[in-house]
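Q: please work out how this folds:
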Amino acid sequence: MKKLQIIALGISLLALAACSKKSDNAVVSVPQIQIGKAIPNTGVLPAGSYKGTLLANQTYTVGGDITINAGDTLLIQKGVKINMTNGANFIVNGDLISLGTSSSPVTITDPRRTKVPGTSVLGQDSAYVGGWGGIYAGPTSKLVVLKWTHLDFGGAALKALPFTGANSLKVGAQYILYFTNPNGVFIMEDSWMYGSPDDATRFYGGYYNIMRNTMEKCGSNGGDGFNAKGSAVGNMAYNLIIGGATNGTKTASDGTTAGECQFTMYNNTYVNDGFRNNGVYGARSGSVEIENNSRALVYNNLIVNCDFGVRIAGGPAGAKVYLADTTLVTNGSVLFPQTKYGYNFYYADAASIADQFVPTNVAQQVVTHPQSTDIPNMAAFLGVNYTFGLVYDGSSLVGKNNPMFTNFPLPATAGSWVTQCSVDGYNFRLQSGSPAAGKGTTTAFQPITTGIPLDANFGSSGITPPGQDIGCYQLNGTGNQH
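A: Below is the predicted model:
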């Protein structure tokens with residue numbers, strides 16, 4: 001184990017261990033830690049191998065790829081700002097730990113770029129271009145932890161392959177987060193992503209807790225938000241995803257023979273997603289996508305003015321997008337026996353959006369069944385004779401069931417769901433009278449805990465269970481903390 005230097009006094013290791021066992025939404029205050037030697041900020045950090053600690057509240061400038069060798073750890077303390085230049089990346093063959101706090105987050109950014117609120121147009125907004133590179137964790141990386149960390153303006157194209165044995169990683173890739181160790185752990189909690197030219201994330205294998213994050217403007221003319229592939233398993237919950245090009249959260253088992261991709265996706269809020277994808281498969285974009293022999297539990301999600309609702313892909317094996325795993329398995333070979341979904345809430349300001357609350361075959365073959373627990377009740381609306389995949393008229397649902405955000409204009413101005421892609425000054429918390437309040441399920445499923453360590457520094461700060469209010473913000477103050 002790595003040698004830890006406890007900077008705060010009077011805190012015992014037993015107390016720290018006790019704090020790490022919490023599995024609720026509380027953000028535990030822990031003593032600052034340091035691993036190895038401190039890295040000074042006396043000049044531009046050149047490309048090379050690094051280990052040790054970036055010190056709290058310091059600003060560092062990086063001039064080339066930062067490589068963490070297998071067996072080494074780079075730890076980033078709270079309040080650190082890292083200005084990435086020359087399209088630099090983090091190449092993680094060891095462990096990367098970023099420990100921001102709510103009052104002193106870590107920021108990794110391209111110093112040439114600034115966030116622009118309001119209308120966002122492809123070709124005019126630098127968020128979609130890619131400034132610095134990304135965090136690429138290879139097959140020997142055992143642990144990546146990002147807590148209260150801003151990842152802004154990433155996605156510069158890879159100039160060379162950073163390691164061998166990576167799934168679908170090519171020169172020119174423009175991901176911000178990439179992880180590919182089937183035995184590794186990836187934790188992203190209470191963090192932010194702003195801007196990307198392609199998929200913001202690609203995950204191939206390993207164990208994940210992706211919880212209470214905010215994602216804005218991800219994908220230029222294509223690209224998913226949290227995109228899990230291979231044998232990756234874990235949770236995607238309490239995330240706010242606004243203005244994504246394609247899907248907000250996605251699973252697909254392609255890229256591995258090690259096992260199925262399995263995730264819970266619950267209590268997320270998706271706003272204005274799915275309208276910038278102009279590719280061949282762009283007509284399947286929107287909120288949630290389950291495809292290619294993967295399985296998922298999809299509950300309690302708030303989906304507002306997104307191109308498509310929860311989409312369970314159909315189609316023949318061997319196609320680019322093929323059938324999700326909807327079979328019932330009772331032999332214990334999977335983490336949960338069957339793909340299931342329900343208690344999801346939909347709102348639309350256009351008939352073209354309401355027509356896809358239950359996705360149809362206009363894009364590709366689907367097997368999404370209307371659910372009586374959804375709002376609106378799509379099983380009742382479509383009737384017992386509806387055949388999933390067929391086109392229907394949802395125009396009477398337009399403007400119904402306004403979720404009553406604290407501060408966001410609904411009904412929205414026509415077409416604004418294409419160009420309002422960032423949070424800005426809006427507040428997506430629910431008002432007390434919201435029809436989404438108290439309509440979630442807390443008993444139909446439980447989050448995945450397999451393989452996810454609970455630790456204030458080297459694991460999850462807490463796997464927040466399903467919330468009774470639909471969406472990422474809970475009226476009792478739990479859920480997303482941004």
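Q: mind listing the helices for the stretch 251-400 of the chain?
A: For the stretch 251-400 of the chain, the helices defined by DSSP state H, counting those that start in this stretch occupy 351-354, 378-382.
Q: now those helices as CSV including mean neighbour count and mean pLDDT?
A: Every residue, glycine included, has its C-beta placed from N, CA and C. CSV is the format used below for the helices of the stretch 251-400 of the chain (neighbours: other Cβ atoms under 10 Å; pLDDT from 0 to 100):
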stretch, mean neighbour count, mean pLDDT
helix 351-354, 18, 97
helix 378-382, 17, 97
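Q: need those in a markdown table with distance to residue 59, can you?
A: Compiled in a markdown table, these are given as follows (distance: least, Cβ to Cβ, whole Å):
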| stretch | distance to residue 59 |
| --- | --- |
| helix 351-354 | 43 |
| helix 378-382 | 51 |
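Q: nearest to residue 130, of these?
A: Proximity to residue 130, assessed across the helices of the stretch 251-400 of the chain by Cβ to Cβ, is greatest for helix 351-354 (29.1 Å).
Q: from residue 441, how far off is residue 423?
A: Computed as Cβ to Cβ, to the nearest Å, the residue 423 to residue 441 distance reads 27 Å.
Q: comparing these two, which residue is more hemmed in?
A: residue 423 (21 against 16; other Cβ atoms under 10 Å).
Q: close enough to count as contact, that one and residue 241?
A: No: contact criterion Cβ atoms under 8 Å: residue 423 and residue 241 do not qualify, at 10.6 Å.
Q: common neighbours of those two, please.
A: Counting by Cβ atoms under 8 Å, 6 or more residues apart in numbering, the contacts common to residue 423 and residue 241 are residue 214.
Q: show me the shaky parts of the protein.
A: Counting by pLDDT under 70, the chain has low-confidence residues at 1-30, 280-283.
Q: what residue is smack in the middle of it?
A: residue 226 (3.8 Å; Cα atoms, centre = their mean).
Q: quick one, phi/psi of it?
A: phi -90, psi 110 (degrees, to the nearest 10).
Q: ok, now which ones touch the residue nearest to it when sequence neighbours are not counted?
A: Closest residue in space to residue 226, ignoring its immediate chain neighbours: residue 249 at 4.8 Å, by Cβ to Cβ, 6 or more residues apart in numbering. Contacts for residue 249 were tallied using Cβ under 8 Å, 6+ apart; they are 224, 225, 226, 236, 239, 241, 263, 265, 268, 287, 288, 289.
Q: picking that back up, among the helices of the stretch 251-400 of the chain, which comes closest to residue 293?
A: Among the helices of the stretch 251-400 of the chain, helix 378-382 sits nearest to residue 293 (Cβ to Cβ), with 25.3 Å.
Q: distance from the closest one to the middle of the chain?
A: The chain centre lies 30 Å from the centre of helix 378-382; the measure is Cα atoms, centre = their mean, to the nearest Å.
Q: give the bridge partners for residue 340, please.
A: Legend: beta-bridge partners of residue 340 under DSSP bridges are residue 297.
Q: contacts only, for it.
A: Residue 340 neighbours (Cβ under 8 Å, 6+ apart): 297, 298, 299, 444, 445.
Q: now residue 175
A: Shown in contact with residue 175 (Cβ under 8 Å, 6+ apart): 134, 136, 155, 196, 198, 199, 200, 201, 202.
Q: just the residues you listed now: which is nearest residue 392?
A: Using Cβ to Cβ, the contacts of residue 175 come closest to residue 392 at residue 199, 30.8 Å.
Q: the closest one: how many residues sit nearby?
A: 28.
Q: roughly how far does it sit from residue 327?
A: 27 Å.
Q: residue 223 now?
A: Separation of residue 223 from residue 327 (Cβ to Cβ): 30 Å.
Q: the two: who's more crowded?
A: residue 223 (26 against 12).
Q: which SS class is the more buried one?
A: coil (DSSP: H, G, I helix; E, B strand; the rest coil).
Q: mind listing what it touches?
A: Contacts for residue 223 (Cβ under 8 Å, 6+ apart) come out as 196, 197, 198, 199, 200, 244, 245, 246, 277.
Q: could you flag which of the residues you listed are buried?
A: Buried members of the contacts of residue 223, counted by 16 or more other Cβ atoms under 10 Å: 196, 197, 198, 199, 200, 244, 245, 246, 277.
Q: just send those back as JSON lines, with secondary structure and distance to residue 110 too.
A: Shown next, in JSON lines, are these (DSSP: H, G, I helix; E, B strand; the rest coil; distance: Cβ to Cβ, whole Å):
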{"residue": "196", "secondary structure": "strand", "distance to residue 110": "12"}
{"residue": "197", "secondary structure": "coil", "distance to residue 110": "12"}
{"residue": "198", "secondary structure": "coil", "distance to residue 110": "16"}
{"residue": "199", "secondary structure": "coil", "distance to residue 110": "18"}
{"residue": "200", "secondary structure": "coil", "distance to residue 110": "15"}
{"residue": "244", "secondary structure": "coil", "distance to residue 110": "20"}
{"residue": "245", "secondary structure": "coil", "distance to residue 110": "19"}
{"residue": "246", "secondary structure": "coil", "distance to residue 110": "23"}
{"residue": "277", "secondary structure": "coil", "distance to residue 110": "24"}
